[in-house]
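1. have a look at this fold, sequence not included:
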């Protein structure tokens, strides 16, 4: 009985209802809209065909273009063959990592036997990082250099790559202990967090300055920012500065600007803002500038010098903290190449790094050197 | 007395009244905690931040009124911002503002038109077209920018968008102008009437000789144009142009439109409600800052925003149910016929 | 019967197109770089697929009724936090999995209740819960991430049985169940009926509200299940689990031939759609190594596949 009813209800769709008429115009309407219907048919056919042609052409043109590279990538390297080295940034498409990639490319050009692949998630999703490591592992590349955005998430993929014979090293941020061979260490979370607090204290005029400070982070779940905050909180407790709140505008420029404006209005005793993401640093600086508080409220954070030059010149920002990102990319690729060739081994204490000279190795950390503080005096000396 | 109560109930059923009450309530609570919230500067900031959302929401509202949807505006904004930056920044191609800005507006309109063409002529559902464009345009923008940020927009444009004529940034003036134009389109032109007619019943609208194609093309092109306009007036306010601009903007706009009382099924909605809901949702962040919810509280920001929307949606349903005279279990499903509710197998047995 | 007539009546156009596209893609891939087709590699990389695949099943059912569920990704965030908190406090994996499933189901039930009892449009409901669920996850976990669930648990998503990834069995089981449910049971048929004409279905005596409620609840349950795989795969439970999944899942379902207006589509199409998207993604990112290109191609594939369908069958019944 039920089935019968069912059948009937399904049959009743044969006679058109109001809604389905809107989706595909029934015949009488088609006549009313005659020209449009013709265009409609013509267009849908043309678009479809154009698309099909485009896909075929795109695929074919690629076949001819890239095959050589990939056969190189596919064969596990060794000896005089070309090495494939993958450089995985935390986020692709932001100025910081783009400048690292420039340095890496320079190293690859200098070495000559290195095929450099620079790719990463454009939204900084660590899940996608893990998936890319897995893909490269399957492709059989020689070395993968990972800047883990969340060490736990990529750990499994990194271990698996190592098990399958790929050399894995970390750069920019360290991974889980047993998931990599070396870490190209430019700065730990400890030194970054402490460095920002020290710079703020110094810029405000010494350890006796009292006042409120605010941190403008990225998302509440951003692993790096949270690691820095964990260092900054105890560091700030040792000073006379008072951390009043932490804002999480996400990777959104408008929200970062808005949040910084609001905290300036809310806390009249505010002395400084830490902008600890690539979006919130310029956002906070812009807010201070727009509110006419340049010089009164100081902003500090991590950024490439070129990004913040404008704000350093007008006094909103006194110190920008970073390291030489071009050198970081360069050193990473050099280390990756010597690891693959077997020239760099666990237990070594120094590493000969091309134009950078000799770099010390502590345990399994290859040290790039101290963090740099860019100020109005020296910022023009750097261009990256 | 009864008459008064009647009027009160009728007023409450208007979405605008509810939203105004909610805004006043929130403002009152925050001002009690910190009177600084009522500072001129703060109120102005809220207006400035609402401006781009209001501008784009005017377009998306017209799209939703015709029973379509556009969820690509966030990515489109990023693409247009990148284009604008490349053309007129003094670090890039250094074109004149008078060439660059019209080109951006034109591009926005053309992409809107393309979206509309895919929906009407290509006969692909709008949510799919705009979902596809959302992903594709964001990818194209990142490629176009090549991992670098763009700054150095012309000073005049930056000053206009930050300070603006008579102390009010350009965005607010533009939003007011767009609101007036859109209101005129809706209430005083045949075009507006037709858009609403099309949305309330596609079939009847076609039967009376309206061209759904042309009307929808207009709605999408208008949205594209307004997105370009919002980009031009709002993006120079930001410190630099990066490829992440406008991420999540599309959902904010759609949320504002539906919280503002525009029916997702088309044919119903008023501009006032949309503007008020934009202001309400823009207020959430500053409100939380001024309430000084503390570090742990900050991490609840998203939840509070979500609950705001959820409450707005549920109250509206409850109110609109009581409007139908308490016919709870029958006609509350938006159909004109009373339908037996729990009747599985009923007629059959 | 003329050819045109046949083309109009043939019911499997979308599946055929998808099959041809998939075969075409694979053969191009095979010519360009035969290594891509290496079975071992493919099985290893199939990991990227399973959570999407699990979520795509209830999404297909919901879209078939003309609804949509935008909250699945956020729901996963909530489930992951529930899992992490439970594990941190009790240390029991089994209990954590149970709590994870329960929270997912509860979230789904909230959606279902709002859609079926309060009669709010599903797009609006799930847009609101999308923001709420993710927010609740961030608030309760304070952005913390939970990790170290042990190697054994990692094997759930990363391990193999007889050369096939473990989640594949789970997916196959759920997919076959859903397909049988859709085609063989009365309420499965009612799902199509609702998508075609909800009012008529009500008149025909189906309990539409109860069915819709169950579908959204099922979607929440599957979000919980997908979360378990997700947590096992990355050994991390955090509030940002499943970010952006909702759009990818909808893309797979729609490319798989399910009409966004409801009433047309099936599980087989969804499976093909999932495979096509998965292979396209793999191909694009392994061939060009440009992440941005991947999103462009997927976006165009979504629009293009629907346009292509219109070209082959310009007039069709939705």
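-> Good, I have the coordinates. Just so you know, these numbers come straight off a predicted model, no measurement behind them.

2. make it CA atoms for all contacts and neighbour counts henceforth
-> OK.

3. where does the stretch 151-300 of chain A dip in pLDDT?
-> The model of the stretch 151-300 of chain A has no residue with pLDDT under 70.

4. going along the chain, name the strands of it.
-> With DSSP state E, counting those that start in this stretch, the ranges of strands along the stretch 151-300 of chain A come out as A:167-171, A:183-185, A:211-216, A:241-247, A:270-275, A:298-302.

5. most packed of these?
-> Compared across the strands of the stretch 151-300 of chain A, strand A:298-302 shows the largest average neighbour count, a mean of 27 (mean count of other CA atoms under 10 Å in any protein chain shown).

6. coming back round to it: chain C: which of the strands of the stretch 151-300 of chain A is closest?
-> strand A:241-247 (12.2 Å; CA to the nearest CA).

7. burial of residue B:123, as a residue count?
-> 20 (other CA atoms under 10 Å in any protein chain shown).

8. which SS class is the residue in chain A that chain B sits nearest to?
-> Residue of chain A nearest chain B, by CA to the nearest CA: residue A:93 (3.6 Å). Secondary structure, DSSP: H, G, I helix; E, B strand; the rest coil: residue A:93 is coil.

9. next one, pLDDT for it please.
-> You'll see residue A:93 listed with a pLDDT of 84.

10. with residue A:35 instead?
-> For residue A:35, the model assigns a pLDDT of 46.

11. and for the residue of chain A closest to chain B, the neighbour number?
-> Residues near residue A:93, counting by other CA under 10 Å: 27.

12. can you tell me how far the residue most central in space within chain B sits from chain A?
-> The residue lying closest to the centre of chain B (CA atoms, centre = their mean) is residue B:57, at 2.7 Å. Going from residue B:57 to chain A by CA to the nearest CA, to the nearest Å gives 17 Å.

13. what about the closest residue to that residue other than its chain neighbours, neighbour count?
-> Leaving aside its sequence neighbours, residue B:57 sits nearest to residue B:253 (CA to CA, 6 or more residues apart in numbering or on different chains; 5.6 Å). By other CA under 10 Å, 28 other residues sit near residue B:253.

14. do residue B:210 as well
-> Based on other CA under 10 Å, the number of other residues close to residue B:210 is 19.

15. quick one: residue C:257 is in a helix?
-> No - Residue C:257 sits outside any helix when classified using three-state DSSP, being coil.

16. hmm, residue C:13 and it touching each other?
-> No - contact criterion CA atoms under 8 Å: residue C:257 and residue C:13 do not qualify, at 9.1 Å.

17. ok, those two, which is more surrounded?
-> Neighbours per residue (other CA under 10 Å) separate residue C:257 from residue C:13, with residue C:257 holding more: 27 against 16.

18. how close does the more buried one sit to chain A?
-> Taking CA to the nearest CA, one finds residue C:257 at 16 Å from chain A.

19. what of residue C:75?
-> 16 Å.

20. could you list every residue that touches that residue?
-> When contacts are counted by CA atoms under 8 Å, 6 or more residues apart in numbering or on different chains, residue C:75 touches C:104, C:107, C:130, C:133, C:134, C:220, C:223, C:224.

21. so residue B:91 sits against residue B:151, correct?
-> Yes - between residue B:91 and residue B:151 there is a contact under CA under 8 Å: 7.4 Å.

22. returning to that earlier point: kindly identify which of the contacts of residue C:75 also come near chain A.
-> Filtering those for proximity to chain A by CA under 8 Å from any CA of the partner chain leaves nothing.

23. give me the subset of these lying in strands.
-> Secondary structure from DSSP state E places none of the contacts of residue C:75 in strands.

24. and the furthest pair within those residues?
-> The two members of the contacts of residue C:75 with the most space between them (CA to CA) are C:130 and C:224, at 15.0 Å.

25. residue in the stretch 1-150 of chain C with the shortest distance to chain A?
-> residue C:143 (4.4 Å).

26. in a strand, that residue, correct?
-> No - Residue C:143 is assigned coil when assessed by three-state DSSP, not a strand.

27. quick one, what contacts the closest residue in space to it that isn't next to it in sequence?
-> Spatially, and ignoring its direct neighbours in sequence, residue C:143 is nearest to residue A:221 (4.4 Å; CA to CA, 6+ apart). Applying CA under 8 Å, 6+ apart to residue A:221 gives the contacts C:138, C:143, C:144, C:145, C:238, C:239, C:240.

28. please apply the same query to residue C:302.
-> Contacts of residue C:302 (CA under 8 Å, 6+ apart): B:128, B:129, B:132, C:251, C:254, C:255.

29. how about residue C:29?
-> C:36, C:37, C:283.

30. go ahead and confirm the first one touches residue C:42.
-> Yes - the pair residue C:36 and residue C:42 qualifies as a contact (CA under 8 Å) at a distance of 7.4 Å.

31. show me the contacts for the residue most central in space within chain A.
-> Geometric centre of chain A, nearest residue: residue A:91, 1.5 Å, by CA atoms, centre = their mean. Applying CA under 8 Å, 6+ apart, we find residue A:91 in contact with A:97, A:120, A:121, A:122, A:123, A:124, A:125.

32. give me the pLDDT for residue C:140.
-> 92.

33. name the element it belongs to?
-> helix C:122-141 (DSSP states H and E).

34. who does the next helix or strand after that helix touch, helix- and strand-wise?
-> Note on helix C:122-141: by DSSP H and E, the next helix or strand toward the C-terminus is strand C:145-147. Applying 3 or more CA pairs under 8 Å, 6 or more residues apart in numbering or on different chains; DSSP states H and E, one finds that strand C:145-147 contacts helix C:72-90, strand C:236-238.

35. element containing residue C:67?
-> Going by DSSP H and E, residue C:67 is not in any helix or strand.

36. so stretch B:99-119, near chain A or not?
-> No - if you take CA under 8 Å from any CA as the test, stretch B:99-119 misses chain A, and the best it gets is 8.6 Å.

37. chain center to that stretch: distance?
-> 18 Å (CA atoms, centre = their mean, to the nearest Å).

38. that stretch: which residues count as buried?
-> B:100-101, B:103-119 (16 or more other CA atoms under 10 Å in any protein chain shown).

39. among the contacts of residue C:29, which one has the most neighbours?
-> Result: residue C:36 is most packed of the contacts of residue C:29 (other CA under 10 Å), 22 neighbours.

40. list the contacts of that residue.
-> A:139, C:29, C:30, C:42, C:283 are the contacts of residue C:36 under CA under 8 Å, 6+ apart.

41. list just the nearest of those residues to chain B.
-> Taking the contacts of residue C:36 together and measuring to chain B by CA to the nearest CA, the closest member is residue C:283, at 16.6 Å.

42. do you know how far that closest one is from chain A?
-> Taking CA to the nearest CA, one finds residue C:283 at 10 Å from chain A.

43. can you tell me which residues contact that residue?
-> C:29, C:36.

44. that one sits in which helix or strand?
-> Per DSSP H and E, the secondary structure element for residue C:283 is helix C:267-288.
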